[in-house]
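Participant: need a structure here:
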Amino acid sequence: MRRNSTRIIKLSIIFFIAVIIMVFLYKSLYDEATHLPVKKEKIPEHPRHGAFFGGAPKNVHKRKIDWHDYETIKLDSARQGVGEKGLAALVPVEENDLKESMYRANGFNALLSDKISVNRSIPDIRHAKCKEKKYLSELPTVSVIVPFYEEHWSTLLRTTYSVLNRSPPELIAEIILVDDGSERTFLKEPLDHFVDGKLSKVKVIHLQERAGLIGARLAGAKVATGDVLVFLDSHTEANVNWLPPLLDPIAANYRVCTCPFIDVIAHDTFEYRAQDEGARGAFDWQFHYKRLPLLEKDKAHPDEPFASPVMAGGLFAISTKFFWELGGYDPGLDIWGGEQYELSFKIWQCGGAMYDIPCSRVGHVYRGPMDARPNPRKVDFVSRNYKRVAEVWMDEYKEYLYERRPDNYKGLDPGDLTEQKAVRERLQCKSFKWFMEEVAFDLIKKYPPVEPADYANGVIQNVGSPHLCVDTLNVGNGGTFGLFSCAANHVQPQKNQWWALSWRQDLRQKHEDLCWDVSSSERNAPILLWHCHTQGGNQYFRYDPEKQWILQGVYERCVEGDPIEKKIFVNQCDEENLNMKWQWGFVNSTAMALWDEERKKEGKKV
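Facilitator: Numbering: from 1, shown residues only. Just a heads-up that it's a prediction; the model follows:
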C-alpha cells in the first residue's frame, strides 16, 4: 500500500511539472490574440521586390499621400495592460530573485519583458507636424534585417511585431532574423517553428558560428530581396508610421541613407521615452561616437530631415543598390567596431548623403549591468577594425587617431586592404579633408585632434586619509567607484587611478570616455562613471587648489571620501572636513589661473 502511495505521489509531481511547462510554452508561443499581428497583410503593389530603382521611373507626378494606419492607431489607443502606452512597469517583489538572474543574463529586465505583450502600444511622441505630413505615393519595398546574439525571446518578438504592426504591409518584403551563432536553445527550432506557423514574412537565418554584428548584417543583406535594406537591433520597437518618412528621401534619391530618431526604452521598467530632439552624429579621435548640436536652420524645421556626418550605427535604411555599389560593409571588419564610421565615410565621400529623420522614431533598449560574455576573439579586433577604416578613408587624418592610442596601433596589421581601396578608386570618392570641411565642418572645434592640456591629472589623493586614492574599482559605464590604496606613481599611475580634469571642465578617466557624473541633489549623492557628454551640467567639475576642494555642478558641492566604506559622494562643502580635501598628482597652474580669470570675467567666484 505504501509502495502504491509513493508511486501515486511521484506521478502527481511529474504531472504537475508537465502542466507548468505546458502553461509556460503556451504563454510564450501561443499567447492571447494580442500576440498576433493586428493587420491583415496586403498584396504588394510592386511586381517584384528589388525592382523599384531599376524599372520604369517612379513618382513622376510626385503625388503624396497620408500613409498613417488609423485603424491600428485606434486599436493601440484602446489597449490596456502591463507596459501598455509605453508606461513604466515593475515586477512583484516576490519575484526579485528571478528578476535579478534574468537581468544579469540579458542586461535588461527580461522577466518584466515577458509580462508585457509583444504587441504592446507605445506613445506617439513625434512632433505635431509629423502627424500631418504626407509622403510619396510610390515607395520602395524593404527587407528589415535584425541580427541577434543570445537575444531574449520576448524582446526579439516585440521587435518583429512592432515592424509588422506599424508598417504598411505592402512595403514589407521580408523581415530577416539573423542568428549570430546563439547557444540558447529557444532561438533554434522553437523560433523556427513559431515563425513558420505565424509570421509568413519573417525568415530566420542561423549562422553556424559567431560572425559578429557586421558579419550577421552582411549575411542578411546578401539574401535580401527588398529595394531597401533597413537594419534594426534585436531589442527595438518601431513607432507610429515610422517607415514612410524613412523611405521618402531614398525614393527620391537612391544614394541617400536615412536614420530614425532613436528613443529610449528603459532597461529596468521598459518605459518608452524620448532621448532628445535630435543632434548630428560625430566622433572623437579615439572613435567614440559623439554628437554635434543641430544647426540653426534645422532647429527652425523640427519635422524635416537634417544632414548628419555619422550614423549611430544600429538603426538605418539604405537602398540595396547603393549599399552594394559601396561594397557593403568591409568584410574584413570583424565582430563589431568601426562599421558605422566606415559606412558613413563611404556614403558621404562617394557621392551619397545621410539624413536623420525626426518623423521616424524607433525605441531601443540600452542595456544595463549584465554578466560579461566571452570575447569572441583572442585579439583586439576593435583596434584592427579602426585601423582598416582609417587606412582606407581618413587619409592624413588617420594620424590623429593613432596618436591617441599609439600602443594599440603601432605594428598592428590591418590585413589586406586592396579591395577596399579599389572601391574608393572605382567610385572616385572625395578626400577625408573634404568630408571634414564640408560635412563635419564644426567637429574639430568641439573635438580637436590635438586637445588642450588638462587642468590637472594623475592620482586624486584624499588629504584626510592620504593612503587612499580615487579608483575605478574596475567598474564600467554606469557603475559607482570609490577609494583604494594609492599607486606608487602619482603622476602616471595605473589606468584605474589615472584621472584628468580636462579642458572640457569634466573629470574623466585618462585616455577613456568615462566621466564622473552626479544626477542626485540629495545628501551623500553618489558619483557614477558615465560616458562623457561634454555638456557640463551633471558632469561639470572644477578644482580649488587653495582649499583643495573638487567642486561639482553649478551649485558647487564638494566631493567627499569615506575612508571606512571606501566610497566617494557629493555633499555641501565643509572647510573643517579633511575628507573633502584632495591632492592631484599634477596641477597645471597656468591653465588653472586662466580658468580663474575666465570665471572672474563671468562674475563667478574663484
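Participant: which helices and strands does the biggest strand by length in the chain pack with?
Facilitator: Across the chain, the strand with the greatest residue count (assigned by DSSP state E) is strand 353-365. The elements that strand 353-365 packs onto, with contact taken as 3 or more C-beta pairs under 8 Å, 6 or more residues apart in numbering; DSSP states H and E, are strand 236-238, helix 243-252, strand 256-265, strand 306-307, helix 339-349. Heads up, the C-betas are built off the backbone N, CA and C, glycines and all.
Participant: among these, which comes closest to Glu138?
Facilitator: Smallest distance to Glu138 across the helices and strands packed on strand 353-365 (C-beta to C-beta): 6.8 Å, for helix 243-252.
Participant: list the buried residues of the helix or strand following the longest strand of the chain.
Facilitator: Next along the chain after strand 353-365, taking DSSP states H and E as the criterion, comes helix 381-393. Buried residues in helix 381-393, defined by neighbour count with 16 or more other C-beta atoms under 10 Å: 381-390, 392-393.
Participant: give me the pLDDT value at Glu296.
Facilitator: On pLDDT, Glu296 comes in at 95.
Participant: wait, Glu451
Facilitator: The per-residue pLDDT reported for Glu451 equals 86.
Participant: next up, the contacts around the residue nearest to it when sequence neighbours are not counted.
Facilitator: Leaving aside its sequence neighbours, Glu451 sits nearest to Trp503 (C-beta to C-beta, 6 or more residues apart in numbering; 6.3 Å). If you count contacts by C-beta atoms under 8 Å, 6 or more residues apart in numbering, Trp503 has them with 451-455, 591.
Participant: got it, and Leu468?
Facilitator: Taking C-beta under 8 Å, 6+ apart as the test, what Leu468 contacts is 461-462, 483-486, 561, 563, 566.
Participant: distance of it relative to Pro563?
Facilitator: Plainly put, Leu468 is 6 Å away from Pro563 if you go by C-beta to C-beta, to the nearest Å.
Participant: could you break the protein into its assigned domains?
Facilitator: Segmentation of the chain into domains, based on automatic domain parsing, reads 72-89+96-365, 381-446, 456-601.
Participant: need the winner for burial among those.
Facilitator: domain 72-89+96-365 (a mean of 20; mean count of other C-beta atoms under 10 Å).
Participant: helices of the stretch 501-606 of the chain, start to end?
Facilitator: Here the stretch 501-606 of the chain has its helices, by DSSP state H, counting those that start in this stretch, at 589-601.
Participant: which of the contacts of Trp503 are buried? Put it as a PyMOL command.
Facilitator: Selection of buried members from the contacts of Trp503 for PyMOL, criterion 16+ other C-beta under 10 Å:
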select buried, resi 454+455+591
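Participant: redo the contacts of Trp503 as JSON lines? Include secondary structure and distance to Gly537.
Facilitator: Output for the contacts of Trp503, formatted as JSON lines (DSSP: H, G, I helix; E, B strand; the rest coil; distance: C-beta to C-beta, whole Å):
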{"residue": "Glu451", "secondary structure": "coil", "distance to Gly537": "20"}
{"residue": "Pro452", "secondary structure": "coil", "distance to Gly537": "21"}
{"residue": "Ala453", "secondary structure": "coil", "distance to Gly537": "23"}
{"residue": "Asp454", "secondary structure": "coil", "distance to Gly537": "20"}
{"residue": "Tyr455", "secondary structure": "coil", "distance to Gly537": "18"}
{"residue": "Ala591", "secondary structure": "helix", "distance to Gly537": "22"}
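Participant: so where's the protein uncertain?
Facilitator: Counting by pLDDT under 70, the chain contains low-confidence ranges at 1-50, 606.
Participant: can you tell me the centre-most residue of it?
Facilitator: Nearest to the geometric centre of the chain sits Tyr366, at 6.2 Å (C-alpha atoms, centre = their mean).
Participant: show me where the stretch 1-150 of the chain has its strands.
Facilitator: 64-65, 135-136, 142-148 (DSSP state E, counting those that start in this stretch).
Participant: how far does the second one sit from the chain's center?
Facilitator: Counting by C-alpha atoms, centre = their mean, to the nearest Å, strand 135-136 is centred 29 Å from the centre of its parent chain.
Participant: list of residues touching that strand?
Facilitator: 59, 62-65, 67, 244-245, 247-248, 251-252.
Participant: repeat that with 10 Å
Facilitator: 58-59, 61-67, 241, 243-252, 359 (C-beta atoms under 10 Å, 6 or more residues apart in numbering).
Participant: sorry, back to before: now, the most widely separated pair of the buried residues of helix 381-393?
Facilitator: Phe381 and Trp393 (18.4 Å).
Participant: circling back to that earlier point, would you format the contacts of Trp503 as a markdown table with distance to Lys321 included?
Facilitator: Formatted as a markdown table, the contacts of Trp503 follow (distance: C-beta to C-beta, whole Å):
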| residue | distance to Lys321 |
| --- | --- |
| Glu451 | 41 |
| Pro452 | 45 |
| Ala453 | 49 |
| Asp454 | 48 |
| Tyr455 | 51 |
| Ala591 | 52 |
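Participant: which among the buried residues of helix 381-393 gets closest to Ala88?
Facilitator: Ala88 lies nearest to Val382 out of these, by C-beta to C-beta, at 34.2 Å.
Participant: what residues are up against the residue nearest to that closest one when sequence neighbours are not counted?
Facilitator: Closest residue to Val382 apart from its sequence neighbours, by C-beta to C-beta, 6+ apart: Gly337 at 3.7 Å. Gly337 is in contact with 212-214, 287, 313, 380-386, 389, counting by C-beta under 10 Å, 6+ apart.
Participant: gap between stretch 579-598 and the chain center?
Facilitator: 35 Å.
Participant: I misspoke; the intended subject was stretch 73-92.
Facilitator: Relative to its chain's centre, stretch 73-92 lies at 24 Å (C-alpha atoms, centre = their mean).
Participant: and it, end to end?
Facilitator: 30 Å (C-alpha to C-alpha, to the nearest Å).
Participant: in space, what's closest to Ile145 - neighbours in sequence excluded?
Facilitator: Leaving aside its chain neighbours, Ile145 sits nearest to Gly220 (3.7 Å; criterion: C-beta to C-beta, 6+ apart).
Participant: likewise for Trp153?
Facilitator: That would be Phe186: by C-beta to C-beta, 6+ apart, it lies 5.7 Å from Trp153.
Participant: state the distance from that neighbour to Lys99.
Facilitator: 19 Å.
Participant: swap in Lys129?
Facilitator: 40 Å.
Participant: likewise for Ala422?
Facilitator: Relative to Lys99, and taking C-beta to C-beta, Ala422 is found at 52 Å.
Participant: what about Ile318, which helix or strand?
Facilitator: strand 316-319.
Participant: list the helices and strands the helix or strand following that strand packs on?
Facilitator: Using DSSP H and E, the helix or strand that follows strand 316-319 towards the C-terminus is helix 320-325. Packing partners of helix 320-325 (3 or more C-beta pairs under 10 Å, 6 or more residues apart in numbering; DSSP states H and E): helix 212-223, strand 228-231, strand 256-265, strand 316-319, helix 339-349.
Participant: please enumerate residues in contact with helix 320-325?
Facilitator: 49-50, 52-54, 140-143, 218, 221-222, 224-229, 231, 250, 253-257, 317-319, 328-329, 343, 346-347, 350-352, 423, 426-427.
Participant: next one: stretch 584-594
Facilitator: Under C-beta under 10 Å, 6+ apart, the answer for stretch 584-594 is 452-461, 469, 486-487, 489-493, 497-501, 503, 542-545, 548, 550, 595, 606.
Participant: how long is it end to end?
Facilitator: Where stretch 584-594 begins and where it ends lie 18 Å apart, using C-alpha to C-alpha.
Participant: now swap in stretch 451-466 and tell me
Facilitator: First residue to last in stretch 451-466 (C-alpha to C-alpha) measures 31 Å.
Participant: what's the strand holding Ile318 packed up against?
Facilitator: So strand 316-319, by 3+ C-beta pairs under 10 Å, 6+ apart, packs with strand 142-148, strand 228-231, helix 243-252, strand 256-265, helix 320-325, helix 339-349, strand 353-365.
Participant: given that strand, what are its sheet partners and their directions?
Facilitator: With DSSP bridges as the test, strand 316-319 is paired with strand 228-231 (antiparallel), strand 256-265 (antiparallel).
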